[in-house]
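Asks: just need the structure, nothing else, for what follows:
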Amino acid sequence: SPFENKENFVHILKELNFKVEFFAVSQVDNKFIKNLNHGMGLSTKLFFKKHLLQILKEPLQDKICKKEVSYKCDELVYTFKEENHQIILNITN
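Replies: Next up is the predicted model:
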């Protein structure tokens, strides 16, 4: 998509309080980030070596993890959730 669309998307994410950094193609170092394809050609091992401590230091406050997942198949929605250490299945249409 055009650069302006990407720039607008980043602006919207920032307004929604997402931590976002936007880089130009010329800033790709070809060492850590190898290309701009999905996955950016980066090494997962190198990524975690470089950023894991930073990720673990982020406070967990205000981060709610809902133990629920839904899958739609044809006209039905299968919802799995954990309650009282049990997996509950709810099927709706």
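
Asks: check what pLDDT Ala60 gets.
Replies: Not quite, residue 60 is Leu, not Ala. What the model reports for Leu60 is a pLDDT of 68.

Asks: show me the strands in this protein, by range?
Replies: Assigned strands in the chain, in chain order: 68-73, 76-83, 86-92 (criterion: DSSP state E).

Asks: now, of those strands, which is deepest in the fold?
Replies: For those, the stretch with the most neighbours on average is strand 76-83, a mean of 12; neighbours defined as mean count of other CB atoms under 10 Å. Every C-beta, even on glycine, is put in place using the N, C-alpha and C of the backbone.

Asks: tell me where the model's unsure across the chain.
Replies: Along the chain, the model assigns pLDDT under 70 to residues 60-63.

Asks: check contacts around Thr79.
Replies: Under the criterion of CB atoms under 8 Å, 6 or more residues apart in numbering, the neighbours of Thr79 are Glu68, Val69, Ser70, Leu89, Asn90, Ile91, Thr92.

Asks: kindly reformat the strands of the chain as CSV containing distance to Asn30.
Replies: Below are the strands of the chain laid out as CSV (distance: least, CB to CB, whole Å):
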stretch, distance to Asn30
strand 68-73, 37
strand 76-83, 42
strand 86-92, 45
